[in-house]
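Peer 1: quick one, structure for this:
(2 chains)
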Amino acid sequence: MNESLIQALQLSIKLSIITSILLLIIVPPIAFGISKLPSKWHILFEFFFSLPLIFPPIILGFFLLLIFSPEGFLGQWFSMVFSETLAFSFWGVLAASFIYTFPHMYRQTRAAFTNLDPRLTDLARMLGKSEKRIFFTVIIPQSLPLILKSMVFCFSHIIGAFGVIVMVGGSIPDKTKVASIALFELVETFQYHEAFDYALVLMGISLCSAVIMEVINRLFIEKKRKTPLYADY
Amino acid sequence: MLTINITRPLRSEKGFINHEYHLQSTPGECLGISGPSGAGKTSLLKMIAGLMLPQSGFIQYNQDLWFDKSKNLNIKPQHRSCGILYQDPLLFPFLTLKENVLYGSKNKELADKYISFLGLEGLKNANIDKLSGGQLKRAALAQLLTYNPDILLLDEPFAFLDERWILKIVDLLFQIRNIEKKIIFIVSHQKDFLASITDRIITISNGKTIKESYINHFSCRKAAIPSAYFSKPAI
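Peer 2: Numbering: from 1, shown residues only, chains lettered A, B, ... in the order given. Here you go, the predicted structure:
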């Protein structure tokens, strides 16, 4: 495997890790805030946050490119603050992959919060804990396995993302040329042997993610469901 | 003194019935609440603790107004000094037994005292899913007593427990009542059992208080406790 392919793989992994961490930090408070709103607001947010999931990736990428370009409102703001263009930069690709995976992470996290056992939060309230403390000591430990599982899914999703990234970032080595674009270029130039090896490596990463998700599922989610601790009161 | 004067419609077999609760309790009183299933006994405890909202009326503890519909006042459960022990023991599944007991209070001395008294010493570091029903019940009681609220709301506190533990816990509750002057509510559908351990029994049915019985001091009745508990319910 040549150096440029390794570079593209490293960039993909870096992009996936940063996006996953951002999702883990940003999405749970948003999802929790929304889960506390009256249900009529849920439909509105659900619709708005589902848009990146509904649009085909290439179309989503195209609209993001318009917004991230120096004439777009986000691109203009970014250039003003950081003196750098957002489109065709690593930051642009990072923002695009965050938006691309946000709906999945949001839906899973909100489901985790909605399915919480309300009796445990009541118990914590009765034992004198503030709402903030209940969030960190009861709600997060209860929903963390599902949140982590969906974070691993998003990580694996970004490793293979193509349409949205190629639209926003193009193919600039060491900046925006991620593994999926490198694989596409290998096929485009008829280097099938290298493309096969490279695809195997990407598949290996996806399989590892699947194993981690299954471990989380078996150890924490399924086990929790089987624990006959509570009955209705 | 705890004064309760509230109403709330609750679902029953005949549809929604307006439940009325009017009662007073003084510090150091052990009050029994009896009634058939669905009479609204647990709901009363939840409303006192602030986990369920009454439709009208007020709840006052000493000088503090905890709930008053006319003033739109509702003090959060965190700021009412009361704790519920549920019929089905409820603990945090992601914490060990000792962490659970210490969740509401950092008083390690008190936690150790109750863990030891309730025979849970060897299970301090055990995960909650490894405990039996009786052990869970005793752990939940240890958690509540370590939190040390002014008002103890106990919903069928002796379910899952054997005779030895029932006697020990009754003794402990009497000590708490007499020395610490706490108000203790004990909910049970077994009236005979309540008669052997409480000072007064309030019987609720169809959302109304149908009977209020005053009972002599329990200590002379202690011998009758196990047989009263293990006998068939009076209702």
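Peer 1: how about the residues of chain B by chain A?
Peer 2: Proximity of chain B to chain A (CB under 8 Å from any CB of the partner chain) is limited to residues B:42, B:49-51, B:76-78, B:82-84, B:86-88, B:90-94, B:103-105, B:128-129, B:136, B:143, B:147, B:155. All C-beta atoms are positioned from the backbone trio N, CA, C, and that covers glycine.
Peer 1: poorly predicted segments of chain A, please.
Peer 2: Along chain A, segments meeting pLDDT under 70 span A:1, A:221-233.
Peer 1: ok and the residue in it nearest chain B?
Peer 2: A:Leu127 (3.2 Å; CB to the nearest CB).
Peer 1: quick test: name the residue nearest the centre of chain B.
Peer 2: Geometric centre of chain B, nearest residue: B:Leu154, 1.5 Å, by CA atoms, centre = their mean.
Peer 1: helix, strand or coil for that one?
Peer 2: Recorded secondary structure, B:Leu154: strand (DSSP: H, G, I helix; E, B strand; the rest coil).
Peer 1: in contact with it, which residues are there?
Peer 2: Taking CB atoms under 8 Å, 6 or more residues apart in numbering or on different chains, we find B:Leu154 in contact with B:84-85, B:173, B:184-187.
Peer 1: hey, what's it bridged with?
Peer 2: Judged by DSSP bridges, the bridge partners of B:Leu154 are B:Leu85, B:Ile186.
Peer 1: so what's it scoring on pLDDT?
Peer 2: In this model, B:Leu154 is scored at 93, pLDDT.
Peer 1: what's the spacing between it and B:Pro54?
Peer 2: Separation of B:Leu154 from B:Pro54 (CB to CB, to the nearest Å) stands at 21 Å.
Peer 1: ok, B:Ile75 next?
Peer 2: For B:Ile75, the distance to B:Pro54 equals 13 Å [CB to CB].
Peer 1: neighbour count winner among the two?
Peer 2: B:Pro54 (23 against 15; other CB atoms under 10 Å in any protein chain shown).
Peer 1: just the element for residue 37, please.
Peer 2: I'll assume chain A. Here A:Leu37 is covered by no helix or strand, with elements defined by DSSP states H and E.
Peer 1: not quite, I wanted chain B
Peer 2: Using DSSP H and E, B:Ser37 falls within no helix or strand.
Peer 1: tell me how many other residues surround it.
Peer 2: By the measure other CB under 10 Å, the count of residues near B:Ser37 is 8.
Peer 1: go ahead and confirm it touches B:His189.
Peer 2: Yes - if you go by CB atoms under 8 Å, B:Ser37 and B:His189 touch, sitting 6.7 Å apart.
Peer 1: stretch A:180-198: how far from the chain's middle?
Peer 2: 26 Å (CA atoms, centre = their mean, to the nearest Å).
Peer 1: just the CA atoms of that stretch, as CSV, please.
Peer 2: Extracted C-alpha coordinates of stretch A:180-198, given in CSV (Å, rounded to 0.1, in the frame of the first residue of the first chain):
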residue,chain,number,x,y,z
SER,A,180,-13.5,6.3,0.2
ILE,A,181,-12.3,8.9,-2.4
ALA,A,182,-8.9,7.2,-2.6
LEU,A,183,-10.7,3.9,-3.3
PHE,A,184,-12.8,5.5,-6.0
GLU,A,185,-9.8,6.9,-7.7
LEU,A,186,-8.0,3.5,-7.7
VAL,A,187,-11.0,2.0,-9.5
GLU,A,188,-11.2,5.0,-11.8
THR,A,189,-7.6,4.4,-12.9
PHE,A,190,-8.2,0.6,-13.2
GLN,A,191,-5.9,-0.4,-10.3
TYR,A,192,-8.2,-3.1,-9.2
HIS,A,193,-5.6,-5.1,-7.3
GLU,A,194,-4.8,-2.2,-5.0
ALA,A,195,-8.5,-1.3,-4.8
PHE,A,196,-9.3,-4.8,-3.6
ASP,A,197,-6.6,-4.7,-0.8
TYR,A,198,-7.8,-1.2,0.2
